[in-house]
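# I need the structure of the sequence given here:
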Amino acid sequence: MVHVKADFWGGDGDQTAALWRDGVQERGPVHTSEFSGPREDWPINAALARLGVASVGPGAPDYRDLFVEVGLGQGRDEEDWRWAALKASNAANYDEWHAREQAKRESEERAAAERAI
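So this is what the prediction gives:
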């Protein structure tokens, strides 16, 4: 389990992440407000990577913003993230959830392209 916290406004902010595995705290909490280093070292991305989340986004493996990859970038606060977690809670694992979300995005893109014709 990963507990994440992020607070951004106008591009500035901070994030914190802590990771537990089998009930034992394995990492963190790690906090930063300095984002000049590689994205994979940012607290939330690093914690997600330790859970086995891997980027398949544009330019993968060079594009490594797992925060965005798992959908956290679509929300503004923990309530939004809670909704996303509940939505994904019926997936057996990240790969199943990601495949389902990718299929949904592709279907929406196809429908939009067909409407544009």
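# okay, CA-based contacts and neighbour counts for the rest of this
OK.
# what about residue 5, neighbour count?
As a burial measure, residue 5 scores 16 neighbours (other Cα atoms under 10 Å).
# Residue 114 versus that one, what's the distance?
From residue 5 across to residue 114, the span is 39 Å (Cα to Cα, to the nearest Å).
# what sits against residue 17?
By Cα atoms under 8 Å, 6 or more residues apart in numbering, residue 17 lies in contact with 2, 3, 4, 5, 28, 29, 30, 31, 43, 44, 47.
# quick check, nearest of those residues to residue 108?
For the contacts of residue 17, the minimum distance to residue 108 (Cα to Cα) is 28.5 Å, reached by residue 44.
# Which stretches in the chain count as strands?
Ranges of strands in the chain, per DSSP state E, are 2-9, 12-21, 24-32.
# Stretch 30-38: end-to-end distance?
Chord length of stretch 30-38, first to last residue, is 15 Å (Cα to Cα).
# Now find how far off-centre it is within its chain.
Chain-centre distance of stretch 30-38: 16 Å, with Cα atoms, centre = their mean, to the nearest Å.
# Show me what that stretch is in contact with.
12, 13, 14, 15, 16, 17, 18, 42, 43.
# Can you verify my assumption that residue 4 contacts residue 18?
Yes - contact criterion Cα atoms under 8 Å: residue 4 and residue 18 qualify, at 6.6 Å.
# Could you pick out the longest helix of the protein?
Using DSSP state H to define each element, the chain has its longest helix at helix 94-116.
# could I get it in PDB with only the CA atoms?
What follows is helix 94-116, C-alpha atoms only, in PDB (Å, rounded to 0.1, in the frame of the first residue of the first chain):
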ATOM      1  CA  TYR A  94      -2.300  -2.800 -12.000                       C
ATOM      2  CA  ASP A  95      -1.900  -4.600 -15.400                       C
ATOM      3  CA  GLU A  96      -5.600  -5.500 -15.500                       C
ATOM      4  CA  TRP A  97      -6.700  -2.000 -14.500                       C
ATOM      5  CA  HIS A  98      -4.300  -0.400 -17.100                       C
ATOM      6  CA  ALA A  99      -5.500  -2.600 -19.900                       C
ATOM      7  CA  ARG A 100      -9.100  -1.800 -19.100                       C
ATOM      8  CA  GLU A 101      -8.400   2.000 -19.000                       C
ATOM      9  CA  GLN A 102      -6.300   1.800 -22.200                       C
ATOM     10  CA  ALA A 103      -9.200   0.000 -24.000                       C
ATOM     11  CA  LYS A 104     -11.600   2.600 -22.800                       C
ATOM     12  CA  ARG A 105      -9.400   5.500 -24.000                       C
ATOM     13  CA  GLU A 106      -8.900   3.800 -27.400                       C
ATOM     14  CA  SER A 107     -12.700   3.200 -27.800                       C
ATOM     15  CA  GLU A 108     -13.400   6.900 -26.900                       C
ATOM     16  CA  GLU A 109     -10.700   8.000 -29.400                       C
ATOM     17  CA  ARG A 110     -12.200   5.800 -32.200                       C
ATOM     18  CA  ALA A 111     -15.700   7.100 -31.500                       C
ATOM     19  CA  ALA A 112     -14.500  10.700 -31.600                       C
ATOM     20  CA  ALA A 113     -12.600  10.100 -34.900                       C
ATOM     21  CA  GLU A 114     -15.800   8.500 -36.400                       C
ATOM     22  CA  ARG A 115     -17.900  11.500 -35.400                       C
ATOM     23  CA  ALA A 116     -15.400  13.800 -37.000                       C
END
